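Participant: just to be clear, the model below is a prediction. Sequence and coordinates:
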Amino acid sequence: MTILCLASYEKGHEFLRECKRQGWNVVLLTSESIRQEARFPTESMDEIFYMADDHHRWDLTHTLNAVAYLARTRSFDRIVPLDDFDVEVAAMLREQLRVPGMGETTAHYFRDKLAMRMRAADAGIRVPDFVHVLNHGQVAAFLERVPGPWVLKPRSMAGAIGIRKLASAQEVWETVHALGDEQFRYVLERFVAGDIFHVDSIVFERQVRFAISSGYGKPPLEVAHAGGIFTTRILERESETARRLLAENQRVLTGLGLLRGVSHTEYIIGRDDGHVYFLETSARVGGAHIAELVEAATGINLWAEWAKVELAGGHVPYAPPQSREDYAGLLVSLARQEHPDTSQFADPEVVWKMEKSHHIGLIVRSPRPARVRELLEDYTARIARDYHAVEPPQQQPSH
């Protein structure tokens, strides 16, 4: 059996290793632009091919032709995207080559911020009021009906990339007109003040087999636009907030039609009304080292479990491993230093340190959630003082 993995960015090492451990032939298609610096686990791959890319974007026709050419002498039993930007490419290839897995319609629910909102609203899931930036009359009516501020979001970017918070109708229209022919690629929604959370899940045959809820420190949008230190931590498992989020998460993933795979899904609990609102979801492992956070707290590696689920394909049973019940917190910041000295962070709870130039990142683990919270607060203050740097908001994806 052969699996074709798509990776426009370098990630998913443990996915590739698990596929090889399961006895599959592993073929990787990745971007030419990362050929020199990428360090994929070549011992776990049978073949690797490079696609010409424009800032990690692949021409769809060229990609289809390339994969169809490879399929002349290889039989691809699975096609899996390792990055958010590869989800729709993989769905297109599956449809064209008739390979099992998520098709293009369902893939849109996990990539397109407009499609996922419309699908969720149809399923009775609470979402912030929104409008497609397409018909100007409908946008005007939305601005009349829904009080500001509003958030303008590109439909197919990842995370907080390209998102803008707008305070007045005039600012909205100036921004919309500046987009020109790209307007239809955006969705405008009501800004809901509140705390942001994420639930990371493993789904098999439409059933959530594992899920864990976490809460961000500052909202990711605020970190991306105003600068700041990114933090998130596992919620107390028996808390009311965790129970509400897990229940809503089951409704969301069922309503959007995820058959099998992994998901990183974000929610907000409104400060004014206390409601849980669905913000966005994905059919991939969460970025920003959230997989390492989950593994630190539970012992479950989401990349490896995703591989098991994909390879099982609904034909053999799957159950996640027994989860450890620890708590963990994650902190990531840009750093003024090219290679920050992290020796001052020597508490025994530190289980992971980030190795990336001009970045500092740590994960702490403890059986006590209060200890995790205490360490995150202490480390955040120390990093803000000794290391933290700020750069302009990101408008395009990067590593």
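Facilitator: Cool, got the structure.
Participant: now the most centrally placed residue in the chain: how far from Met354?
Facilitator: Residue closest to the mean C-alpha point of the chain, counted by CA atoms, centre = their mean, is Gly286 at 3.7 Å. Separation of Gly286 from Met354 (CB to CB, to the nearest Å) stands at 16 Å. Quick note: C-beta positions are derived from backbone N, CA and C, even for glycine.
Participant: what do you get for Phe197?
Facilitator: Phe197 is 23 Å from Met354, by CB to CB.
Participant: which of these two has more neighbours?
Facilitator: Neighbour count, other CB atoms under 10 Å: between Phe197 and Met354, Phe197 has more, with 24 against 18.
Participant: can I assume that one sits in a strand?
Facilitator: Yes: assessed with DSSP: H, G, I helix; E, B strand; the rest coil, Phe197 lies in a strand.
Participant: who's in contact with it?
Facilitator: For Phe197, the contact set (CB atoms under 8 Å, 6 or more residues apart in numbering) comprises 213-216, 235, 241, 245, 266-269.
Participant: Gly314 touches Val203, doesn't it?
Facilitator: No: if you go by CB atoms under 8 Å, Gly314 and Val203 don't touch, sitting 11.4 Å apart.
Participant: more neighbours: the two, which one.
Facilitator: Per other CB under 10 Å, whichever of Gly314 and Val203 has more neighbours is Val203, with 22 against 13.
Participant: the helices in the protein, which residues?
Facilitator: For the chain, applying DSSP state H gives helices covering 13-21, 60-70, 87-97, 104-109, 113-122, 136-145, 169-179, 220-226, 240-256, 290-298, 302-312, 369-386.
Participant: just to revisit the earlier point, shared neighbours of Gly314 and Val203, anything?
Facilitator: 259-260.
Participant: measure Ala91 to Leu97 for me?
Facilitator: In terms of CB to CB, Ala91 sits 11 Å off from Leu97.
Participant: er, Val80 actually
Facilitator: The value you get for Val80 to Leu97, if CB to CB is used, is 13 Å.
Participant: neighbour count for the two, which is higher?
Facilitator: Neighbour count, other CB under 10 Å: between Val80 and Leu97, Val80 has more, with 26 against 15.
Participant: ok, the more buried one - contacts?
Facilitator: Counted by CB under 8 Å, 6+ apart, Val80 has contacts 3-6, 15, 90, 101, 310.
Participant: max pairwise distance over these: which two?
Facilitator: Taking CB to CB, the two most distant members of those are Phe15 and Gly101; they sit 14.5 Å apart.
Participant: same drill for the two, tell me which one is more crowded.
Facilitator: More neighbours surround Phe15 than the other of Phe15 and Gly101, with 27 against 21 (other CB under 10 Å).
Participant: could I get the pLDDT score of the more buried one?
Facilitator: Phe15 carries a pLDDT value of 98.
Participant: wait, it sits on Asn301?
Facilitator: No: judged on CB under 8 Å, Phe15 makes no contact with Asn301 at a distance of 9.2 Å.
Participant: and the nearest residue to Met354 once chain neighbours are set aside, how many residues sit next to it?
Facilitator: Setting aside the residues directly before and after it, Met354 is nearest to Gly361 in space (CB to CB, 6 or more residues apart in numbering), at 2.9 Å. Neighbours of Gly361 under the rule other CB under 10 Å: 22.
Participant: which parts of stretch 94-110 are buried?
Facilitator: Using 16 or more other CB atoms under 10 Å as the test for burial, stretch 94-110 gives 94, 99, 101-102, 104, 106-110.
Participant: nope, stretch 193-205 is what I was after
Facilitator: Buried residues in stretch 193-205 (16+ other CB under 10 Å): 194, 196-204.
Participant: Ala304 and His315, how far apart?
Facilitator: From Ala304 to His315 the distance is 19 Å (CB to CB).
Participant: err, Ile290, not the other one
Facilitator: In terms of CB to CB, Ile290 sits 29 Å off from His315.
Participant: these two - which one has more neighbours?
Facilitator: Ile290 (17 against 8).
Participant: surely that one meets Val199?
Facilitator: No: Ile290 is beyond contact range of Val199, at 10.8 Å (criterion: CB under 8 Å).
Participant: return every residue with contacts to both of those two.
Facilitator: 214, 264.
Participant: low-confidence ranges in the chain?
Facilitator: 159-160, 393-399 (pLDDT under 70).
Participant: can you get me a residue count around His359?
Facilitator: For His359, using other CB under 10 Å, the count is 17.
Participant: show me what it is bridged to.
Facilitator: Leu334 (DSSP bridges).
Participant: shouldn't it be in contact with Ala335?
Facilitator: Yes: counting by CB under 8 Å, His359 does reach Ala335; the two are 5.7 Å apart.
Participant: contacts only, for Pro147.
Facilitator: Pro147 is in contact with Arg190, counting by CB under 8 Å, 6+ apart.
Participant: what's the spacing between it and Ser44?
Facilitator: Distance from Pro147 to Ser44, by CB to CB: 53 Å.
Participant: hmm, which two among the buried residues of stretch 193-205 are most spread apart?
Facilitator: Taking every pair in the buried residues of stretch 193-205 and measuring CB to CB, the maximum separation is 31.3 Å, between Gly194 and Phe204.
Participant: can you pull the contacts of the nearest residue to Tyr186 once chain neighbours are set aside?
Facilitator: Sequence neighbours aside, Val133 is the residue nearest to Tyr186 in space, at 4.3 Å (criterion: CB to CB, 6+ apart). Val133 sits next to 139, 152, 176, 179, 183-184, 186-188 when contact means CB under 8 Å, 6+ apart.
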